[in-house]
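Asker: the sequence and its predicted three-dimensional model are supplied below.
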Amino acid sequence: MSKFNTTVTGCTGNIVVGDNAVLTIGASPEEATAAAVAQCGQVPPEEAPATGASEQVHCQESAGDGMTYTAKSGYVLVINNYIFPSRSDFERTGSNDDVSNLSNLFDDFGFRTRVCDNLSKSDMLNVLKDTAEKDFSRYDCFVCVILSHGSKEGIYGTDEQVIKPDAITSLFRRDECPSLEGKPKIFLIQACRGNQRDQVSIESDSDPIMFSNPSLPADADFLICYASSPGHQSYRQSLLGSWFISAVFQVFKEYADREHVMDMMLRVNNQVASYFSVEGLKQMPCQVCMLTKKVFFEPRFNAS
């Protein structure tokens, strides 16, 4: 028997019913409809079944193998630390271009975006804790983007104090943020992860710009995307923004209507890996994936 709500008014022998089905035995059609509505929620008037023994009420189910998740709404927090007063090169030039690209991108998906500029470590933690205490019931996913300086120890506030990535992501685990349970929690971290450089030999007259060759476990449903591999630097440019966020913007703009997030991040890896600077510097993004489904966004131009 298929996974539909089923009314049986009389039978002999065995009945086999799939999961998520509603079985009502010996009930009138009106009683059967009432039972199905109680299971599925209110049926819109235009979809309410007519009275009759052959009519059925359907519950919405995941398509295919249940591995697909479409995020039609989302909440995005962007922390943009671009002024570091104690440094000689006090401004992270290009970071505001990243914010502009991200706002443009998430607006395509109809997500709500909040941007916080130039936060110390304590201010970052306060904003993150305040965000984690929100009720995300009306959102399908949460995205946190952090644009800052960093090292192998973690991410810097504008006061040069370090926050470890685990201290950030732990705020959004199941126990601390129950309204995000079962929903994707995506972190994009644009910050160095050390001082190591990946360098290749180049011609001496190369341009000084990047080039490109053509109830689940508490930690479930996290995707943490780093701009660089452990111990390595990440790069940005004053007129283009960071290599990593620029690639996210370009790839997601082109492929979000037909590819899921992890496939798009593979494209981001490929694109950033093909860049190199005038000094021959290279960069390799990496991801820590604990997603349990293929997560799709729904650009508004593609929404039905």
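Answerer: Nice, thanks for sending it over.
Asker: please enumerate the helices of the stretch 151-300 of the chain.
Answerer: 165-169, 243-255, 261-273 (DSSP state H, counting those that start in this stretch).
Asker: got a list of contacts for the first one?
Answerer: The set of residues external to helix 165-169 that reach it, using CB atoms under 8 Å, 6 or more residues apart in numbering, is 125, 128, 144, 146, 154-155, 185, 187, 189, 222, 224. C-beta coordinates here come from the backbone N, C-alpha and C atoms, glycine included.
Asker: show me the contacts for the residue positioned nearest the centre of the chain.
Answerer: For the chain, Ile186 is the residue whose C-alpha lies nearest the centre (CA atoms, centre = their mean; 3.5 Å). Residues in contact with Ile186 (CB under 8 Å, 6+ apart) are 141-144, 222-223, 225, 261, 295.
Asker: turn these into a markdown table, including distance to Pro285 and neighbour count.
Answerer: As requested, the contacts of Ile186 are exported to a markdown table (distance: CB to CB, whole Å; neighbours: other CB atoms under 10 Å):
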| residue | distance to Pro285 | neighbour count |
| --- | --- | --- |
| Cys141 | 20 | 25 |
| Phe142 | 20 | 26 |
| Val143 | 16 | 23 |
| Cys144 | 16 | 22 |
| Phe222 | 16 | 20 |
| Leu223 | 12 | 20 |
| Cys225 | 7 | 22 |
| Val261 | 13 | 24 |
| Val295 | 18 | 21 |
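Asker: okay, and the closest residue to Arg112 other than its chain neighbours sits in which element?
Answerer: Closest residue to Arg112 apart from its sequence neighbours, by CB to CB, 6 or more residues apart in numbering: Tyr75 at 5.3 Å. Taking DSSP states H and E as the criterion, Tyr75 maps to strand 74-80.
Asker: just the mean pLDDT for the helix or strand following that strand, thanks.
Answerer: Going down the chain from strand 74-80, the next helix or strand is helix 95-108, by DSSP H and E. Averaging pLDDT along helix 95-108 gives 96.
Asker: which residues in the stretch 101-250 of the chain form strands?
Answerer: For the stretch 101-250 of the chain, the strands defined by DSSP state E, counting those that start in this stretch cover 112-117, 141-147, 150-151, 154-156, 162-163, 185-190, 198-199, 222-226, 236-237, 241-242.
Asker: tell me which of those approaches Thr93 most closely.
Answerer: strand 236-237 (7.4 Å; CB to CB).
Asker: what pairs with the closest one, parallel or antiparallel?
Answerer: The pairing partners recorded for strand 236-237 under DSSP bridges are strand 241-242 (antiparallel).
Asker: low pLDDT regions in the stretch 51-200 of the chain?
Answerer: 51-64, 198-200 (pLDDT under 70).
Asker: swap the cut-off to 80 and go again
Answerer: Low-confidence segments of the stretch 51-200 of the chain, defined by pLDDT under 80: 51-65, 196-200.
Asker: same question, the stretch 201-304 of the chain
Answerer: 201-216, 238-239, 301-304.
Asker: try it again with 50
Answerer: Filtered on pLDDT under 50, the stretch 201-304 of the chain yields the residue ranges 202-208, 213-214, 303-304.
Asker: quick one, phi/psi of Met284?
Answerer: Main-chain dihedrals, Met284, degrees, to the nearest 10: phi -130, psi 110.
Asker: tell me the contacts of the residue lying closest to it once chain neighbours are set aside?
Answerer: Counting by CB to CB, 6+ apart, Met284 lies nearest to Ser229, which is 4.7 Å off, once chain neighbours are set aside. Ser229 is in contact with 193, 284-286, counting by CB under 8 Å, 6+ apart.
Asker: now restrict those residues to buried residues only.
Answerer: 193, 285 (16 or more other CB atoms under 10 Å).
Asker: Pro178: which of the contacts of Ser229 is nearest?
Answerer: Nearest to Pro178 among the contacts of Ser229, with distances taken as CB to CB, is Cys286, at 29.2 Å.
Asker: Gln237 and Asp98 touch, don't they?
Answerer: No: using CB atoms under 8 Å, Gln237 is not in contact with Asp98, being 10.7 Å away.
Asker: neighbour count for the two, which is higher?
Answerer: Neighbour count, other CB atoms under 10 Å: between Gln237 and Asp98, Asp98 has more, with 26 against 16.
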